[in-house]
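# Dropping the sequence and predicted coords here.
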Amino acid sequence: MELRPSRAPADSEGRAAAYSRRARLISEPENVVPACEIVAVEETEIDKKQCDSGKWQKMSKPHAFTVHYIKRARNHRWRCSEITFWCIDEQLCNQWIQALKELLDSQKSRPKRLLVYINPYGGKRQGKRIYEQKVAPLFNLASISADVVITEHANHAKDNLFEVNIYKYDGIVCVGGDGMFSEVMHGLIGRIQKDSGIDQNNPKTPLAQCSIRIGIIPAGSTDCICYATVGIIDPETSALHIIVGDCQPLDVSSIHHNNTFLKYSVSLLGYGFYGDILKDSEKKRWMGPMRYDFSGFKTFLSHQYYEGTVSFQPAKGTVGSPRDKESCRTGCHICRQTKQLEEQQKNYGLEHKEVEDEWKVIKGKFLAINAVNMSCACPRSPKGLSPAAHLADGSADLILVRKCSRFNFLRYLVRHTNQDDQFDFPFVDVYRVKRFQFTSKHLEDNESDIKDVGKKRFGQFCSDHPACCCNLANSTWNCDGETLDSSAVEVRVHCQLVKLFARGIEIYKDEAAYNLSSNELLS
Ligand SMILES: CCCCCCCCCCCCC/C=C/[C@@H](O)[C@H](COP(=O)(O)O)NC(C)=O
Ligand SMILES: Nc1ncnc2c1ncn2[C@@H]1O[C@H](COP(=O)(O)OP(=O)(O)O)[C@@H](O)[C@H]1O
Ligand SMILES: [Ca+2]
């Protein structure tokens, strides 16, 4: 056999073969690389020193090519590894390079042109360095061309997406945190609706899906969207998922107030506890990611509760439930089945049935109201706010934490970090929903006062008297890491509205195994 890997084990003969017909490259015994996990193939220049050393010296004029491929490491981390094949026959070597390049070209889901937005101020302010050192070299290797925009102010990326010709790109990449992803997603969804003549202000209008995928290079403070869709916060891993052209659809919630569009959310939409943390932490940006611990502690001590009414329509067409412990993983069957069910309903013309579906109404005093479209797993809480929430099942998990003691609230928070069920408390309720509304008591009172003109406005009364014992304070919403000020919202989940360069969290047969070969993956 003429083809020899340069790193063949000492005891083997260096026997290696590449079977392009089966689209697999066998580089070493038991080390199979599927074609879809090859990053690049290039001719290798051999210098004199290499040529004269070791077992290659017998070859008179060797030729070589190098295959760069994905190697799986611990905790869902991917690395770009390489192997060089040697051969005496120049023509054969070129044939191999040609065949492998054609194999790569035939993979149509791989992006060729990307538009990249870098937030230089996100997280630890390392966005630019991360992109230049870890991502750009991989994109170059994979022959991906990238137009890079370094943002100069908030909303720069979003506004830019309305101006550029987005259709010449195969994907939009954002380098930053959840807030930066949110900005890019708003730009992309908004642009697509504009081009499709859809009015985002109408909460009932179905939205046009975005076929241009979004890639996230994590360089923010929480990076929960990256963590929950890839399984690790690691720029190199995310870059490799972009290169191989992965595709993970994602549910998006639209948030409206009185027929006015406010925002979209894909991860956490939180009122009370998480809204207050975010609002307080925005003033402490200089602290970097640590600001969340500081503001978290402060918000916990303030123990503020909020009164209001939540109403929602329980999701009927979904297969799972929030407490079934079925977490969303690569090729998730719950997401797939739910989508199939939805399509069947569409075919039967049942999609407007929701209008008649019953609304459940809950009035009360809440420490936190969280709606999550995905688990919201992040390094702070590896199982997330709702461990069994799904990326693409067209529903959100609505978590209501009613007023309770500080001690009980702490118990609830601590359960985000251990194996115990965080929903197993009498003051916590969780529902899987497709739509919900929230109105703060403050606003309800004001609205009823408008009808009852003679009455003194309660809201004013309370702000006039800060010592007043009535609790009519308002919180703000934490919408994927950006604040949103509205005491009444109407939320609707749009099934699989956007797509990411990701594949969800992979399941390994042996999660502890260090060097997993790709054939050890279950799915
Ligand atoms: C003993 C106390 C233990 C506390 C564990 C509490 C679990 C923390 C779960 C965090 C949920 C994260 C949801 C993601 C939110 C992001 O969108 C947002 C913004 O992220 P960004 O700064 O843009 O990366 N970050 C926060 C903390 O609000
Ligand atoms: N050049 C910039 N200057 C200031 N703010 C920016 C800039 N670029 C983006 N932003 C805004 O910064 C916010 C937070 O960014 P993000 O990358 O999520 O970092 P972090 O995770 O630290 O919050 C985003 O909402 C985004 O709109
Ligand atoms: Ca979902």
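That came through, no problem. Ligands and ions are numbered 1, 2, ... in the order given.
# What are the boundaries of the helices in the stretch 301-450 of the chain?
Along the stretch 301-450 of the chain, counting by DSSP state H, counting those that start in this stretch, helices occupy 333-347, 406-414, 441-451.
# same question but for the stretch 51-200 of the chain, I mixed them up
90-105, 127-130, 136-141, 156-163, 178-195.
# Let me see the contact set for residue 373.
By Cβ atoms under 8 Å, 6 or more residues apart in numbering, residue 373 lies in contact with 250-253, 265-267, 389, 391, 396, 493. Using the backbone N, CA and C atoms, a C-beta is placed for each residue, glycine as well.
# Please convert those residues to CSV, extending it with secondary structure and distance to residue 123.
Output for the contacts of residue 373, formatted as CSV (DSSP: H, G, I helix; E, B strand; the rest coil; distance: Cβ to Cβ, whole Å):
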residue, secondary structure, distance to residue 123
250, strand, 22
251, strand, 25
252, strand, 23
253, strand, 25
265, strand, 20
266, coil, 19
267, coil, 16
389, coil, 24
391, coil, 23
396, strand, 26
493, strand, 28
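# Any idea how many residues pack against the residue in the stretch 301-450 of the chain that ligand 2 sits nearest to?
Closest approach between the stretch 301-450 of the chain and ligand 2, counting by Cβ to the nearest ligand atom: residue 378, at 10.9 Å. Residues lying near residue 378 (other Cβ atoms under 10 Å) number 23.
# what's the pLDDT at the closest residue to ligand 1 within the stretch 401-523 of the chain?
Proximity of the stretch 401-523 of the chain to ligand 1 (Cβ to the nearest ligand atom) peaks at residue 481, 2.6 Å away. pLDDT, residue 481: 88.
# before we move on, what about residue 222?
86.
# same thing with residue 406?
Predicted confidence (pLDDT) for residue 406: 97.
# So it sits against residue 302, correct?
No - look at residue 406 against residue 302 with Cβ atoms under 8 Å: they stay out of range, at 10.0 Å.
# Please list the residues of the protein that sit near ligand 2.
Residues of the chain lying close to ligand 2 by Cβ under 6 Å from any ligand atom are 119-123, 151-154, 156, 176-180, 183, 220-222, 481-482.
# Check these for burial and list the buried ones.
Buried members of those, counted by 16 or more other Cβ atoms under 10 Å: 119-120, 122-123, 151, 156, 176-180, 183, 220-222, 481-482.
# Distance of the closest residue to ligand 2 within the stretch 151-300 of the chain relative to residue 63?
Distances between the stretch 151-300 of the chain and ligand 2 by Cβ to the nearest ligand atom are smallest at residue 177, namely 2.2 Å. Distance of residue 177 to residue 63, computed by Cβ to Cβ, to the nearest Å: 46 Å.
# for ligand 1, what are the nearby residues on the stretch 401-523 of the chain?
413-414, 416-417, 478, 480-481.
# quick one: which of these is most hemmed in?
Result: residue 480 is most packed of these (other Cβ under 10 Å), 30 neighbours.
# Output the helices of the stretch 301-450 of the chain in a markdown table, with distance to residue 70 appended to each entry.
What follows is these, written out as a markdown table (distance: least, Cβ to Cβ, whole Å):
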| stretch | distance to residue 70 |
| --- | --- |
| helix 333-347 | 24 |
| helix 406-414 | 37 |
| helix 441-451 | 52 |
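# Please name whichever of the ones you listed is nearest to residue 433.
Nearest to residue 433, of all the helices of the stretch 301-450 of the chain, is helix 333-347, at 13.5 Å by Cβ to Cβ.
# Leaving out chain neighbours, which residue sits closest to whichever residue of the stretch 1-150 of the chain sits closest to ligand 3?
Residue nearest to ligand 3 within the stretch 1-150 of the chain: residue 76 (20.3 Å; Cβ to the ion). With Cβ to Cβ, 6 or more residues apart in numbering as the measure, residue 231 is the residue that lies nearest to residue 76, at 3.3 Å, once sequence neighbours are left out.
# Could you report the separation of the one you found from residue 417?
Distance from residue 231 to residue 417, by Cβ to Cβ: 18 Å.
# Ligand 1: which of the helices of the stretch 51-200 of the chain is closest?
Proximity to ligand 1 (Cβ to the nearest ligand atom) singles out helix 178-195 among these, at 3.6 Å.
# Packing partners of that closest one?
helix 156-163, strand 171-176, strand 213-218, helix 224-230, strand 260-265, strand 482-484, strand 488-500 (3 or more Cβ pairs under 8 Å, 6 or more residues apart in numbering; DSSP states H and E).
# now the angle from the second one to strand 213-218?
By that I understand strand 171-176. 20 degrees (axes from the mean of the first three to the mean of the last three Cα atoms, to 10 degrees).
# Can you name the residues in contact with strand 171-176?
111, 114-119, 122-123, 127-128, 130-131, 135, 146, 157, 161, 166, 180-181, 183-184, 188, 212-217, 219-220, 242, 501.
# still on that earlier bit, list the contacts for the residue nearest to residue 76?
So residue 231 contacts 75-76, 505-506 (Cβ under 8 Å, 6+ apart).
# ok, so of those residues, who is nearest residue 274?
residue 505 (22.7 Å).
# so who does the closest one touch?
76, 228-231, 327-330 are the contacts of residue 505 under Cβ under 8 Å, 6+ apart.
# That one - that's part of a strand, no?
No - with DSSP: H, G, I helix; E, B strand; the rest coil as the criterion, residue 505 is coil rather than part of a strand.
# change the start of the numbering to 362 and stick with it
That works, and once the first residue is 362, the last one we named lands at residue 866.
# Now the residue of the stretch 512-661 of the chain closest to ligand 2. Nearest residue, chain neighbours left out?
Per Cβ to Cβ, 6+ apart, closest to residue 538 is residue 581, 1.5 Å.
# Could you do residue 486 as well?
Residue 486's closest residue in space is residue 649 (Cβ to Cβ, 6+ apart), at 7.8 Å.
# backbone phi and psi for that neighbour, please?
The phi/psi pair for residue 649 (degrees, to the nearest 10) reads phi 70, psi -160.
# Residue 659 too?
Residue torsions, per degrees, to the nearest 10, at residue 659 are phi -60, psi -50.
# what about it, distance to residue 778?
Distance check for residue 659 against residue 778: by Cβ to Cβ, it reads 19 Å.
# now swap in residue 727 and tell me
22 Å.
# Any idea which of the helices and strands packed on helix 539-556 has the lowest pLDDT on average?
strand 843-845 - the lowest mean pLDDT of the helices and strands packed on helix 539-556, at a mean of 91.
# Pretty sure residue 576 sits against residue 602.
Yes - assessed by Cβ under 8 Å, residue 576 is found in contact with residue 602 at 7.5 Å.
# Can you pull the residues that touch both of the two?
With Cβ under 8 Å, 6+ apart as the test, residue 576 and residue 602 both reach residue 862.
# Residue of the protein nearest ligand 3, please.
residue 612 (4.0 Å).
# so what's that residue scoring on pLDDT?
Reported pLDDT for residue 612: 97.
# ok, it touching residue 860?
No - the pair residue 612 / residue 860 is not scored as a contact, 11.3 Å apart, by Cβ under 8 Å.
# quick one, what contacts the residue of the stretch 462-611 of the chain found nearest ligand 1?
Proximity to ligand 1, evaluated over the stretch 462-611 of the chain using Cβ to the nearest ligand atom, is greatest for residue 538 at 2.8 Å. If a contact means Cβ under 8 Å, 6+ apart, then residue 538 has 480, 483-484, 579-584, 842 as its contacts.
# let's go with 7 Å and repeat that
When contacts are counted by Cβ atoms under 7 Å, 6 or more residues apart in numbering, residue 538 touches 483-484, 580-584, 842.
# Residue numbers of the stretch 512-661 of the chain in contact with ligand 1?
So the stretch 512-661 of the chain meets ligand 1 at 538-540, 581-585, 628-629, 635, 638-639, 653 (Cβ under 6 Å from any ligand atom).
# which residue does the stretch 612-761 of the chain bring closest to ligand 1?
For the stretch 612-761 of the chain, Cβ to the nearest ligand atom, closest residue to ligand 1: residue 742, 3.8 Å.
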